[in-house]
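*Asks:* Fold the following for me, if possible:
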Amino acid sequence: MASPAGTEFSHVIDWPEAMDQCGDDEEFLRELLSDLRDEIDEQIVKIDEVLKRNDMKDQPFLLIMRASHVIKGASSNLMCQELRDTSTDLEQAAAGANELDTASQEAEMEKVKESYAELKKAVDSYHSFLDSVDI
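*Replies:* Residues are numbered from 1 along each chain as shown. Now for the predicted structure:
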């Protein structure tokens, strides 16, 4: 079954695969996609709060890793590849920074912020997709 949004959002979701994951139940898939939006938005708020605090003592990279991991897992289950890929990149950037000493972590924060910017673009694309299919 083709995506109700056509091919414009094929980078956002593999609709046929997502439908297959849901037993070809489009109503169920739409419900899950809505739930995913809520979960992503909640995790984005958490990441935003960590970045605003800009306090290396709060284990910011661990918190970012956890939030991006949640997004990665949830988006993977629904075949949302762009979200999966960008959240994986953020999780890996944060994990690498988390392994460093505090002085080195500050320098790595820019890489984490760049990965986060890419994730936010993917989230915007996901929201646009949902709007286009009335979810």
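*Asks:* Name the residues of the lengthiest helix in the chain that are buried.
*Replies:* Across the chain, the longest stretch assigned as helix under DSSP state H is helix 102-132. Neighbour counts over helix 102-132 (16 or more other Cβ atoms under 10 Å) mark 105, 108-109, 111-112, 115-116, 118-119, 122-123, 125-126, 129-130 as buried. To be clear about C-beta, it is placed using only N, CA and C from the backbone, and glycine gets the same treatment.
*Asks:* Pick out the lowest-pLDDT one from these.
*Replies:* Lowest in pLDDT among the buried residues of helix 102-132 is Q105, which has 82.
*Asks:* Check what pLDDT the residue lying farthest from the centre of the chain gets.
*Replies:* What lies farthest from the middle of the chain is A103; by Cα atoms, centre = their mean that is 27.8 Å. On the pLDDT scale, A103 is placed at 77.
*Asks:* Could you check how far it is from M109?
*Replies:* 12 Å (Cβ to Cβ, to the nearest Å).
*Asks:* What is the longest helix of the chain packed up against?
*Replies:* The contact analysis (3 or more Cβ pairs under 8 Å, 6 or more residues apart in numbering; DSSP states H and E) places helix 102-132 against helix 26-53, helix 60-77, helix 81-98.
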